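Visitor: sequence below, structure please.
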Amino acid sequence: MQATNLSYWEKANFYRSDVLIVGSGIVGLNAAIIIKKQQPNLSVSILERGFLPSGASTKNAGFACFGSLSELVEQEKICGTNALHQLIGKRWKGLQKLRSMVGDTKLDLQINGGFELFKPQDFTLSEKCVSKISHFNELIKDITSNDSVFNTAHQQINSFGFDGIDCLIENKLEAQLDPGKMIKALVEIASSLGVVILSNCTVNQFEQEENRILVATSQGNFKTKKLLFCTNAFANQLIPDLQLKPGRGQVLITKPIENLKLKGTFHYDKGYYYFRNVGNRVLLGGGRNLDFFTEETHQFGETPLVQNTLLRLLKEVILPYTAFEIEQKWSGIMAFGPELSPIIEEVKPNVFCAVRCNGMGIAIGSQTGEEAGEMVLRSF
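Guide: Take a look at the predicted model:
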């Protein structure tokens, strides 16, 4: 598509760049930042199809986590102990990189601990997880410089006000942050380095020309030397051979609740449900395991099955003795695949991707973006 009524100045300054990044979420912004920091003379632009980042970067629950214990048990089965150690290392390194770059205050980061809940009928799973506490504490000791990250915390069940829960496992290093503030801060850093960010610009196709890549969008044709896709679940719409599938996360948040007992981040049912306090509100999301087929979609929205299950979890387990009202609902689109590591590779000459964060975008996004940026730089 060719946009009409473009001036010479607009074409020269906005439609040509050394590096063009698609996606202004956590990965795309970090990639742009590392490129400009290492090579300030390169021109870098980011195209974003939405008014705000369209995937999950500003729609997630704001968990600064590296995996609940039951998730780690499952992930160790998939990739093995050594690979999981490397993956947790990347998640931890990514979180520290994000904190170092943005600052805890601007992230509104609070280290209140994370907790995993188990019902009596989950006894087999909870027993296995408890038996694995020492194993995972030892596994991540060199990563976190702490030898007792995971502990049982059954004594805190009543203080949180839960009903029907008989086992609680704590991760004392888990934190929470504000995803909106995170992206605002990253945008400020990228802009201060000279990165151009253009919103409401959908990429429709791309083709390689001599010494350049032509990128056709809803706002006209862009030309670039290097093209980097950081669109996570949406990447396979333009690069269909990628091993990833979308996964929708439905989220709701309550109105303020007086004397709310919850403080921290919480996981339930192998991480398929997650909730936290946002001040004196409760944010709750998850439930895609109720209907994987329906939730494997690029479409935003809510379903009665998931929403009713979330409400029941609130009423029966999380806030059993407390009146509450729902203020807002939304959804975000994540990317999952057969392997737990993100895809960071050159898919065609001078065309790259950094996608598939497997629901760990906050933890692994900064590290993934940095690795992607360095990959692009090496190609010059």
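Visitor: count of residues packed around residue 84?
Guide: 21 (other C-beta atoms under 10 Å). Where you see a C-beta, it was placed from the backbone N, CA and C, and this is true even at glycine.
Visitor: again with residue 309
Guide: 17.
Visitor: for it, what are its contacts?
Guide: Residues near residue 309 by C-beta atoms under 8 Å, 6 or more residues apart in numbering: 287, 290.
Visitor: so it lies in a helix, does it not?
Guide: Yes - the assignment for residue 309 is a helix, going by DSSP: H, G, I helix; E, B strand; the rest coil.
Visitor: show the pLDDT at it.
Guide: pLDDT for residue 309: 98.
Visitor: now swap in residue 1 and tell me
Guide: So residue 1 comes in at 53 (pLDDT).
Visitor: what's across from the nearest residue to residue 336 once chain neighbours are set aside in the sheet?
Guide: Excluding the flanking residues, the one nearest residue 336 by C-beta to C-beta, 6 or more residues apart in numbering is residue 247, at 4.9 Å. As for beta bridges, residue 247 partners with residue 334 under DSSP bridges.
Visitor: my guess is residue 247 contacts residue 361. True?
Guide: No - taking contacts as C-beta atoms under 8 Å, residue 247 lies outside contact range of residue 361: 11.8 Å.
Visitor: low-confidence stretches in the stretch 251-380 of the chain?
Guide: The stretch 251-380 of the chain contains no residues with pLDDT under 70.
Visitor: mind listing the strands in it by residue range?
Guide: 265-268, 273-278, 281-286, 326-336, 343-348, 351-355 (DSSP state E, counting those that start in this stretch).
Visitor: and the longest one, which residues are buried?
Guide: Residues of strand 326-336 classed as buried: 331-336 (neighbour count, 16 or more other C-beta atoms under 10 Å).
Visitor: what's near enough to touch residue 262?
Guide: 160-161, 275-277, 282, 318.
Visitor: and of the residues you listed, the nearest to residue 30?
Guide: Residue 30 lies nearest to residue 276 out of these, by C-beta to C-beta, at 23.6 Å.
Visitor: count residues in the vicinity of the closest one, would you?
Guide: Neighbours around residue 276, by other C-beta under 10 Å: 25.
Visitor: start at 823, not 1
Guide: OK, 823 is where the count begins now, so the last one is residue 1098.
Visitor: which residue comes closest to it once chain neighbours are left out?
Guide: In space, residue 1098 is closest to residue 1087, 4.5 Å off (C-beta to C-beta, 6+ apart).
Visitor: the one you found bridge partners, please.
Guide: residue 936, residue 1098.
Visitor: my guess is it contacts residue 890, does it?
Guide: No - Residue 1087 is beyond contact range of residue 890, at 9.2 Å (criterion: C-beta under 8 Å).
Visitor: overlap in contacts of these two?
Guide: Joint contacts of residue 1087 and residue 890 (C-beta under 8 Å, 6+ apart) are residue 936.
Visitor: select, from the contacts of residue 1084, the two members most distant in space.
Guide: Counting by C-beta to C-beta, the most remote pair of the contacts of residue 1084 is 983 and 1098, 14.5 Å apart.
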